[in-house]
Each structure stands twice: as C-alpha cells, then as structure tokens.
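Engineer: sequence isn't available, so here's the structure alone:
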Ligand SMILES: Nc1ncnc2c1ncn2[C@@H]1O[C@H](COP(=O)(O)OP(=O)(O)OP(=O)(O)O)[C@@H](O)[C@H]1O
C-alpha cells in the first residue's frame with residue numbers, strides 16, 4: 001500500500017510540478033511574445049474562417065465554424081477573416097501600442113455592429129424563428145442591434161442611426177476628431193495628387209539616422225529609398241500625437257521646450273523628421289494662409305481663415321477671443337511664408353564620427369574605462385555622451401578637458417557632468433559643419449504652435465535639435481548679454497519679428513530703445529510701436545519713467561475694477577463684463593501687452609544711472625501684473641551696467657558669448673558663457689530653470705524682416721503717444737543741485753543706508769574730491785538729510801532707511817513722492833489719453 005501510495009504521490013508531484021512550471025513560464029514570457037501569441041491565434045482563426053467562408057473547405061468542423069461565423073455576423077462574416085488578418089498584422093507590428101490598438105478595436109467593433117445592423121434591417125428584419133434568414137442577413141449581431149431600432153423607430157430612422165454609428169467607428173479607427181475631417185481630407189487629397197511626395201522627395205537625400213544620443217552610434221542606416229514612406233507615416237502619427245499634445249497643453253507653462261525624444265516612447269517631439277520623430281512644423285504641406293483678424297462684427301469681409309493642416313493654432317490666436325481693432329480695420333498677420341524654411345537638420349555627419357573616434361582614442365590612451373555611448377547633434381554643437389565603467393571617477397574624464405580639446409582641435413569644449421537627468425557625462429564640442437536655425441522653422445514648429453500667446457517668441461534650437469520658444473510674458477523680464485558679434489542684435493531681431501508674426505498691435509505694443517541708432521531702424525513705422533524708436537539715451541531714460549507712470553495707471557485701473565492681472569481685466573472686457581463707472585464717458589478697452597526693448601543698456605546707464613536703475617527696478621518689481629515686460633540687452637555685462645539691483649529684478653537671462661568669465665558670472669551667476677562660440681550660440685536661463693540651456697539662436701535675414709515689416713506697415717499706421725519722451729510732468733530739479741543730481745542721489749543713499757554722515761566716506765565711495773564731497777554734504781544738510789557739521793565727528797543722519805525712496809524722489813524733484821503729499825496723480829486712462837490728444841486709430845477706432 002505504501003509503495004502504491006508513494007508511486008502515486010511521486011507521479012502526482014511530478015505532473016503537478018510540470019504543470020506549475022509550464023504555467024509559470026508562460027507568465028514569465030516577454031509581453032511581446034505573449035502578444036505575438038495572440039496575433040498568431042487570430043491569424044489561425046482567420047485562416048480557418050477564410051477556408052470555410054471563402055473557399056468552402058469544410059472538414060468535420062466546417063459546419064460549426066459556419067454556424068458560429070454566419071450565425072453571429074450573417075453575410076458580413078465574409079469580411080471577418082480580413083478583419084482578423086488586419087488585427088493580427090497590427091498586433092505583430094505594433095505590440096507596444098496598447099492604447100491605439102484598443103482604439104482601433106473599438107472603432108472596428110462599432111463599424112461591424114453598424115454594418116450587421118444595416119444588413120439586417122435592409123433584409124427585412126428576420127426573426128429568430130427563421131435562423132437561415134438571420135444567417136443570410138446580419139446574423140445575431142444584426143438582429144440584436146437592428147430589430148429593436150427598426151421596431152421602435154422604423155427602418156429609415158434605424159438606418160440613419162446605424163450609418164451614424166458606422167461613421168463614428170471610422171472616425172475612431174482613424175483617430176480623427178470631427179473638426180479635423182476637412183483638413184485631413186485635404187491632406188489626403190494632397191498626398192494622393194502627389195504634392196506631398198514632391199516635397200518629401202527633396203528631403204530624401206538625408207539618410208535616416210536614429211537619434212544617436214539614445215542609441216548606439218553605429219546604428220545601421222536604413223536605405224534612403226524607404227524614407228518617403230517612413231516620413232509619411234511619422235507625419236500621420238505626429239499629426240495625431242500633436243493634437244493630443246495640444247489638447248493637453250496648459251497655457252500657463254513658463255516656457256515651452258521641445259521634449260527630448262526617447263525611442264519607443266510616443267512623445268511629441270519637435271525634432272527634425274530625420275530624427276526619431278517628425279516635427280509637424282516641417283510638414284511640407286503648403287503654408288497656411290494669413291490668419292485674419294476681423295474688425296468687430298461690423299466687418300463684412302472675409303471670415304477668419306483656418307490653416308490647412310494644423311489644428312486650432314496658427315500664426316495667430318483664437319480669433320474668437322481677440323481684442324479686435326476697432327472700426328473697419330482688417331488686420332492680417334503676416335503669412336508664415338514670409339519667413340524662409342531652413343535646411344533640414346542633420347542628426348549625424350562625418351564630422352561627428354571623426355569626433356567620436358578622437359574621443360574614444362583619448363579615453364583609450366589614458367586607459368579610462370569609459371565609452372562614448374552616443375551623441376545628440378544640435379545646430380552648433382554636438383553633445384557626446386560618455387558613460388563610465390564601474391568605479392571610475394568622474395574627475396578622470398573631466399580632468400581631460402584640455403586633452404579632449406587638443407584631440408578634437410577645438411578650444412571651446414564644454415563638459416557637463418552629469419547631463420541633467422542622465423547617468424552620463426556630456427561633452428559639448430562645436431560642429432565643424434554648423435547649421436543656421438531659421439526663425440521661420442522655429443515659429444512653425446509644434447512648440448511655437450502649441451501656444452497661441454501673443455508674447456511667445458522663437459528663440460532657437462537646443463543641443464538636441466529641439467525647437468526652443470519662450471513666452472516673454474512669463475519671463476517676465478529678460479536680460480540679454482554678449483560680446484560684440486555674439487548674436488545679440490540677431491536675437492532682438494528674431495524677437496521683434498516673432499511678435500510681428502504672431503501678435504496684432506492690439507495685443508502687443510512696443511517701446512524700442514536703440515541708442516546705437518542702427519540696429520532697429522528697420523522697424524520704424526510699424527503699428528506695434530507706441531512711440532518712435534528712441535535713439536537718444538536721455539529720452540530713453542524719460543521713456544522708462546513714462547513706462548513707470550503707465551504701469552501705475554494700469555495698476556490703478558486694475559484696482560478700481562477689482563482685477564489682479566491685466567489678463568483677467570482683458571478677458572472681462574472682452575466678455576463685456578467691465579462697465580465704466582457711473583457718470584464716466586470712458587470707453588473701456590483691453591490693454592495691450594507692453595514690451596520695452598532696450599538694445600544697449602550701457603548707453604542708458606552712462607547718462608542717468610540712478611534714474612534708469614530706479615525706473616528699471618520699479619518696472620521689474622511690479623510690471624508683470626500690468627502686462628509690461630522689459631528686455632534689456634547689453635554688450636557690456638559689467639557690474640556698473642548690470643547692477644546688483646537690475647540683476648535681482650530681471651530673473652531670466654540669455655547669455656551669448658561673453659569676453660570673460662567675469663561677464664558670464666554677471667549674466668548667469670555662473671561660468672559658461674565665455675566658452676560659447678559666438679554667432680547665436682547662447683546659454684538660456686529662463687526664470688525658475690536650475691541650469692542654463694545651450695541654445696543656438698534663430699536667424700532671420702534682413703530680406704525676411706523687410707517682408708514682414710512692410711506687410712504690417714501697409715496695413716496700419718502707428719499711433720504714437722506724445723507724452724512718452726516728454727519730460728515727466730512737475731519734475732523740477734533744484735537749481736543748486738544742478739548737474740550733481742546723480743552724485744547727490746548716490747550720496748544720499750550711501751549716507752542713509754549706512755546711517756553714517758561722513759564726508760570722507762563720500763570721498764572714498766564716490767571717488768570725488770574733498771570739495772565735491774563737502775558740497776554734497778552741504779546739499780544733504782540743506783535738505784535735512786543730515787544734521788549740521790560736528791567738527792571731526794560724523795554728522796547725524798536725520799532720515800531713516802525706510803524713508804529713503806521718498807527722500808530720493810524729493811531730491812529728483814518729484815513732488816508726488818513727498819511724504820504726506822497728495823496721492824500720486826496718474827494719467828487718466830491709456831486710451832482716453834489717445835482720444836484726448838485727438839488721435840484716432842485708422843479706421844475711426846480709438
Ligand atoms: N543666430 C545666428 N545664426 C547665425 N549667425 C548669426 C546668428 N547671430 C549672429 N550671427 C552672425 O554673427 C554676426 C553678428 O551678430 P550680431 O550683429 O547679432 O551681433 P551682436 O552681438 O549684436 O553685435 P553688436 O553688439 O556689435 O551689435 C551676424 O552678422 C551674423 O553673421
């Protein structure tokens with residue numbers, strides 16, 4: 001008995017173990033194998049069903065198969081093998097796209113259901129009592145869907161509903177939202193008529209290389225022939241993805257950056273189509289027509305046009321929400337065609353391969369267990385990634401920077417350790433075959449189109465080839481610095497052109513300060529200007545004071561109507577929710593963003609450092625909510641131009657190549673900019689970013705600027721404010737101060753902040769002679785800032801540091817700031833001012 005029991009238990013154990021093992025192994029199978037298993041099963045079923053339904057190859061099981069297929073789907077069963085085959089092929093090709101596969105499955109299910117239902121109702125809605133008739137119509141599926149509908153709603157209504165269901169199924173399968181039907185059909189038409197291929201063919205010369213930054217460097221290159229098809233598919237995929245991204249996009253992101261593409265992930269990248277994903281902006285579809293801003297409902301002319309391919313965003317903004325130009329004015333944004341298309345971005349070139357070889361040989365020579373695992377090529381520099389073996393110190397590679405520079409024959413080698421978000425060292429080396437980034441490409445990229453904010457500008461491309469854009473309203477103020485010829489003015493041009501391309505004068509107004517008198521003259525007369533371009537540094541300082549007054553007026557308005565931000569105020573005005581106060585004749589209108597661009601801060605700081613600094617401080621501290629934003633550019637980022645106060649209040653920085661490490665520290669608070677290679681190569685540090693991002697600035701040619709400027713100029717004349725460069729009202733510097741105002745302000749600040757009234761301190765700190773310091777002290781005494789002389793002792797300081805701003809204002813002769821005085825008189829209203837001055841918008845508006 002024991003033996004029998006032992007044998008029984010032993011074999012049971014063996015069988016159980018084997019069964020468990022098989023089960024476990026099946027669970028351990030790679031998911032893709034498991035999905036392949038499903039695909040093969042479907043393929044097998046397709047073969048069985050096709051054999052019976054198509055070729056009547058009926059074995060013993062044939063009857064059963066027919067009963068199941070025809071019983072379920074009726075005559076529609078003949079397409080079941082096709083559907084099974086297609087599903088099986090899709091599962092094999094894209095096993096990882098679970099979500100898309102699910103969507104297609106649901107869509108096909110809806111179509112199948114609808115078709116079965118339709119066949120059933122058109123076949124006279126046979127009942128279950130006649131199963132042969134059911135099998136000859138839409139099968140049980142058709143019966144379940146069709147009979148109740150036909151009985152309850154009559155056959156015609158049921159047919160319409162079922163058609164709708166089938167149509168819905170088609171939209172789901174093709175991932176087409178209803179508002180995309182027309183653009184997609186148009187795109188399809190273009191592709192069928194060959195317009196698409198022509199443009200694609202042009203790019204086919206470029207071999208496809210998988211983004212080497214994420215894969216092995218020696219990835220085999222697919223044959224160029226296949227590229228046309230590959231690109232087309234990517235284009236379709238990107239269009240679908242882009243749309244999803246658009247929906248998900250949140251308007252309040254600080255700045256929009258192209259996502260880095262990781263192979264296998266379905267990230268919506270902005271990389272060139274030669275990399276792993278396609279940028280819809282590079283889609284060769286014909287450029288969109290200019291987006292139109294129509295004057296208020298009074299206009300009878302053309303309605304806003306929509307772009308052909310890209311969904312809700314275009315060169316402009318959601319038109320329904322636009323502040324319209326009053327009167328009959330029809331303002332169109334420049335067409336995207338005004339800006340040229342750049343050469344396709346290369347992701348790999350022979351030069352890169354040579355550098356990889358050099359880097360590898362340096363690592364070998366120094367016997368460092370590290371490997372160049374890949375690279376990402378940007379337009380100007382390529383970032384080579386080096387991964388270390390176990391127990392290899394990072395410093396061993398970073399210490400080699402000079403040898404690396406020697407090996408690759410370039411002095412501008414920059415080492416990042418680590419690359420943010422990666423366990424790898426990045427070695428940035430300039431490309432010997434650098435590329436120019438066309439502003440047009442940046443503005444047409446998905447990154448730019450994702451946001452319809454009028455203050456979004458094209459910045460350039462990052463080291464991974466992704467487009468970089470920035471929202472000036474979120475900066476909220478930007479300092480741009482770099483040595484002569486580094487690309488500052490080109491950036492300022494790109495910025496202004498971006499605004500002209502995307503914003504109407506109703507949305508953005510500009511104050512351009514160009515003390516160099518040459519850089520910005522091309523923009524003279526554009527309607528976005530609120531005052532003629534200011535070239536005189538003294539006038540520029542006054543203009544900054546006007547900006548402060550404008551800001552205060554806007555603040556007053558916000559406070560009066562109970563809004564915190566100009567955007568909220570504007571939205572309420574557009575919605576008609578802001579009513580003038582009782583008795584006021586005022587016409588409430590939206591406030592445009594005000595962008596103040598100073599092309600050379602150093603020139604301003606030379607003529608009136610204290611005033612300019614004070615205005616900048618005031619603007620930068622408060623202007624954000626008032627929709628006023630400053631861009632300060634300078635060639636000389638030294639501490640006397642970019643003072644601590646200015647720096648503290650201008651949070652976003654863009655550094656082009658600087659001539660020294662000290663300059664780089666002034667701009668970025670860290671070294672790096674001195675290693676940049678000029679011609680638009682920059683480090684971009686937007687507010688809140690931890691590390692600066694290397695960016696190649698966008699380039700816009702003079703002919704393009706001309707095209708854009710003449711487009712905007714022919715439509716609208718600028719309406720200038722007269723009060724901007726007029727000296728601030730009621731400002732009278734006392735005669736005895738005369739030309740010493742700046743020094744006196746500095747002296748007052750020194751004495752009050754240190755609470756130490758010493759003439760020799762003034763001498764030392766202000767670097768003035770004894771006589772001048774004594775005079776300043778007398779002036780301070782006459783204004784009761786310090787007490788009388790007490791011989792060799794320091795004078796008593798009569799003003800507390802808290803009262804310093806009011807004291808400085810008093811010295812400047814601004815009576816409004818005097819303590820205890822009347823409240824600050826403010827300009828009534830921006831638009832009222834215009835009316836008061838009898839200035840009208842062309843077309844009879846404001
Ligand atoms: N983004 C860019 N792409 C390609 N080339 C550029 C770019 N930016 C600048 N360059 C090249 O560098 C030259 C000098 O640029 P830019 O005039 O912008 O320098 P800058 O810093 O403004 O100098 P300055 O301070 O003297 O005006 C340009 O003429 C152009 O050839």
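Structural biologist: The structure has been received and is ready for your questions. None of the values given here were measured: they were computed from a predicted structure. Numbers count the residues shown, from 1 in each chain.

Engineer: quick one, phi psi at the closest residue to the ligand within the chain?
Structural biologist: Proximity to the ligand, evaluated over the chain using CB to the nearest ligand atom, is greatest for residue 680 at 2.4 Å. Placement of C-beta: from N, CA and C, glycine included. Dihedral pair for residue 680: phi 90, psi 0, per degrees, to the nearest 10.

Engineer: quick check, it in contact with residue 460.
Structural biologist: Yes - Residue 680 is within contact range of residue 460, at 6.7 Å (criterion: CB atoms under 8 Å).

Engineer: shared neighbours, those two?
Structural biologist: Here residue 680 and residue 460 have 437, 696, 697, 698 as joint contacts, going by CB atoms under 8 Å, 6 or more residues apart in numbering.

Engineer: neighbouring strands for the helix or strand hosting the last one, and are they parallel or not?
Structural biologist: This means residue 698. Residue 698 belongs to strand 693-699 when assigned by DSSP states H and E. Strand pairing for strand 693-699, using DSSP bridges, gives strand 437-438 (parallel), strand 456-462 (antiparallel), strand 681-685 (antiparallel).

Engineer: quick one on the thing from earlier: now for the shared contacts of residue 680 and residue 460, which pair is the farthest apart?
Structural biologist: Pairwise distances among the shared contacts of residue 680 and residue 460 were taken by CB to CB; the largest, 7.9 Å, belongs to 696 and 698.

Engineer: which one of those two is surrounded by more residues?
Structural biologist: The neighbour comparison of residue 696 against residue 698 (other CB atoms under 10 Å) goes to residue 698, with 33 against 27.

Engineer: from residue 341, how far out is the closest residue to the more buried one other than its chain neighbours?
Structural biologist: In space, and not counting its chain neighbours, residue 698 is closest to residue 439: 4.0 Å by CB to CB, 6 or more residues apart in numbering. Using CB to CB, to the nearest Å, one obtains 11 Å as the distance from residue 439 to residue 341.

Engineer: who has more neighbours out of those two?
Structural biologist: Neighbours per residue (other CB under 10 Å) separate residue 439 from residue 341, with residue 439 holding more: 31 against 16.

Engineer: what's around the residue of the chain closest to the ligand, how many residues?
Structural biologist: So residue 680, with other CB under 10 Å, has 27 neighbours.

Engineer: mind checking pLDDT for residue 621?
Structural biologist: Looking at residue 621, its pLDDT stands at 82.

Engineer: that one touches residue 648, doesn't it?
Structural biologist: No - counting by CB under 8 Å, residue 621 stays clear of residue 648, with 9.5 Å between them.

Engineer: now the strands: where do they sit in the stretch 301-450 of the chain?
Structural biologist: 331-332, 370-377, 381-388, 414-416, 425-430, 437-438 (DSSP state E, counting those that start in this stretch).

Engineer: average pLDDT for the last one?
Structural biologist: Taken as a whole, strand 437-438 has a mean pLDDT of 94.

Engineer: out of the shared contacts of residue 680 and residue 460, who's nearest residue 179?
Structural biologist: When the shared contacts of residue 680 and residue 460 are compared against residue 179 (criterion: CB to CB), the nearest one is residue 698, at 30.9 Å.

Engineer: any idea how far the closest one lies from residue 412?
Structural biologist: Distance from residue 698 to residue 412, by CB to CB: 21 Å.

Engineer: and residue 169, by the same measure?
Structural biologist: Per CB to CB, residue 169 is found 57 Å from residue 412.

Engineer: more crowded one of these two?
Structural biologist: More crowded of residue 169 and residue 412, by other CB under 10 Å: residue 169, with 21 against 18.

Engineer: okay, that one: pLDDT?
Structural biologist: pLDDT, residue 169: 90.

Engineer: give me the buried positions along the helix or strand hosting residue 172.
Structural biologist: If you go by DSSP H and E, residue 172 is part of helix 155-173. For helix 155-173, the neighbour count (16 or more other CB atoms under 10 Å) marks 158, 159, 161, 162, 165, 166, 169, 171, 172, 173 as buried.

Engineer: how about the last one: what's its closest non-neighbour residue?
Structural biologist: Closest residue in space to residue 173, ignoring its immediate chain neighbours: residue 107 at 3.4 Å, by CB to CB, 6+ apart.

Engineer: so the one you found, which state does it fall into?
Structural biologist: Under DSSP: H, G, I helix; E, B strand; the rest coil, residue 107 falls in the helix class.

Engineer: contacts only, for it.
Structural biologist: Contacts of residue 107 by CB under 8 Å, 6+ apart are 169, 170, 171, 172, 173, 174.

Engineer: same check on residue 363?
Structural biologist: Applying CB under 8 Å, 6+ apart, we find residue 363 in contact with 370, 371, 372, 386, 397.

Engineer: closest one of the residues you listed to residue 721?
Structural biologist: Using CB to CB, the contacts of residue 363 come closest to residue 721 at residue 386, 56.5 Å.

Engineer: and the closest one, what is it in contact with?
Structural biologist: Shown in contact with residue 386 (CB under 8 Å, 6+ apart): 359, 363, 370, 371, 372, 373, 397, 424, 425, 426, 427.

Engineer: nearest residue to it in space, please, no chain neighbours.
Structural biologist: The nearest residue in space to residue 386 (CB to CB, 6+ apart) is residue 425, at 4.5 Å.

Engineer: one more: residue 496?
Structural biologist: Using CB to CB, 6+ apart, the closest residue to residue 496 is residue 523 (6.1 Å).

Engineer: the one you found contacts residue 513, correct?
Structural biologist: No - look at residue 523 against residue 513 with CB under 8 Å: they stay out of range, at 11.9 Å.

Engineer: can you work out which residues contact both of these two?
Structural biologist: With CB under 8 Å, 6+ apart, residue 523 and residue 513 have common neighbours residue 533.

Engineer: so between those two, which is more surrounded?
Structural biologist: Neighbours of residue 523 and residue 513, each counted by other CB under 10 Å, are more numerous for residue 513; the result is 28 against 24.

Engineer: if we can go back for a sec, how far away is the residue nearest to residue 386 from residue 416?
Structural biologist: 7 Å.

Engineer: cool, and residue 615?
Structural biologist: Going from residue 615 to residue 416 by CB to CB gives 38 Å.

Engineer: repeat for residue 457
Structural biologist: Distance from residue 457 to residue 416, by CB to CB: 26 Å.

Engineer: who has more neighbours, these two?
Structural biologist: Between residue 457 and residue 416, counted using other CB under 10 Å, the more crowded position is residue 457 (31 against 19).
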